[in-house]
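> Model the following, please.
(2 chains)
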Amino acid sequence: DTAVSQTPKYLVTQMGNDKSIKCEQNLGHDTMYWYKQDSKKFLKIMFSYNNKELIINETVPNRFSPKSPDKAHLNLHINSLELGDSAVYFCASSQDQLASRYNEQFFGPGTRLTVL
Amino acid sequence: SQQGEEDPQALSIQEGENATMNCSYKTSINNLQWYRQNSGRGLVHLILIRSNEREKHSGRLRVTLDTSKKSSSLLITASRAADTASYFCATGTSGTYKYIFGTGTRLKVLA
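Predicted structure coming up:
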């Protein structure tokens, strides 16, 4: 059984379009994350939700909007896509939200977004 | 600025050799984790070390933590071609909700 799944795996789209990436976890975790990994493999957190509530919102353009319909799902919607949005986006989950609680994060396989 | 920085950025060794990669960070931490990322895949958790621990082992992995130097090292012994991947450290700080990931070390093990 897949622990953290993301769809789609690849997304190729034109500048200016709006797209969504979906994430689901079946681990019963309370906390979910979105990360962006750039071409240099640098992994940066974007958002985190704990029990459907937003707890981390890094400096991300407001074209990016996360939505958590329930604690097993965290979707990412991106409006007016730009060339610089091209990256791999990873969803992850952990037992709870505190970074001091020795929480292992479980990552999805990633969604490679290419904006043309 | 970024919390964890790893060195070397890239490492190429022969199968059977040991691989050591280092992670340095800037502020006090509660715990530090190491993750592996195979090409085109998500990150996989390898090992966690708490701030009051100095060394931890898991199979062929050995992690050390020196809080006075704000650094950690990951040693992979008797490396295999399958160990070829990028390795990241991630630090967790009390009272915060996020882990900060390092820049990663790309390890290539030649058969």
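> make it CA atoms for all contacts and neighbour counts henceforth
OK.
> how about the residues of chain A that lie near chain B?
Contacts of chain A with chain B, taken as C-alpha under 8 Å from any C-alpha of the partner chain, map to A:41-45, A:55-56, A:90, A:97-100, A:102, A:104-110.
> In ChimeraX, how would I select the buried members of these?
This is the ChimeraX syntax for the buried subset of the residues of chain A next to chain B, where burial follows 16 or more other C-alpha atoms under 10 Å in any protein chain shown:
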select /A:41,43,44,45,55,56,90,97,98,99,100,102,104,105,106,107,108,109,110
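> Report the backbone C-alpha coordinates of the helix or strand bottoming out on mean pLDDT in chain A in PDB.
Sorting the helices and strands of chain A by mean pLDDT, DSSP states H and E puts strand A:53-57 at the bottom, at a mean of 87. Extracted C-alpha coordinates of strand A:53-57, given in PDB (Å, rounded to 0.1, in the frame of the first residue of the first chain):
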ATOM      1  CA  GLU A  53      -5.400  23.800   9.800                       C
ATOM      2  CA  LEU A  54      -2.600  25.800   8.200                       C
ATOM      3  CA  ILE A  55       0.400  26.000  10.500                       C
ATOM      4  CA  ILE A  56       3.200  26.900   8.200                       C
ATOM      5  CA  ASN A  57       2.900  29.300   5.400                       C
END
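> which secondary structure elements does it contact?
On a contact count with 3 or more C-alpha pairs under 8 Å, 6 or more residues apart in numbering or on different chains; DSSP states H and E, strand A:53-57 meets strand A:43-50.
> now the strand it packs on: how far from the chain's centre is it?
Put simply, strand A:43-50 sits 7 Å off its chain's centre (C-alpha atoms, centre = their mean, to the nearest Å).
> got the angle between that strand and strand A:53-57?
Taking axes from the mean of the first three to the mean of the last three C-alpha atoms, to 10 degrees, one finds strand A:43-50 and strand A:53-57 inclined to each other by 160 degrees.
> Could you pull up the mean pLDDT of strand A:43-50?
Taken as a whole, strand A:43-50 carries a mean pLDDT of 91.
> Can you tell me the closest non-neighbouring residue to the most centrally placed residue in chain A?
Among the residues of chain A, the one closest to the centroid is residue A:34, at 2.6 Å (C-alpha atoms, centre = their mean). The shortest distance from residue A:34 to any non-neighbouring residue, by C-alpha to C-alpha, 6 or more residues apart in numbering or on different chains, is to residue A:91 (4.7 Å).
> which ones are touching the closest residue to residue B:7 other than its chain neighbours?
Counting by C-alpha to C-alpha, 6+ apart, residue B:22 is the residue found nearest to residue B:7 once chain neighbours are left out, at 5.3 Å. Applying C-alpha atoms under 8 Å, 6 or more residues apart in numbering or on different chains, one finds that residue B:22 lies in contact with B:6, B:7, B:8, B:71, B:72, B:73, B:74.
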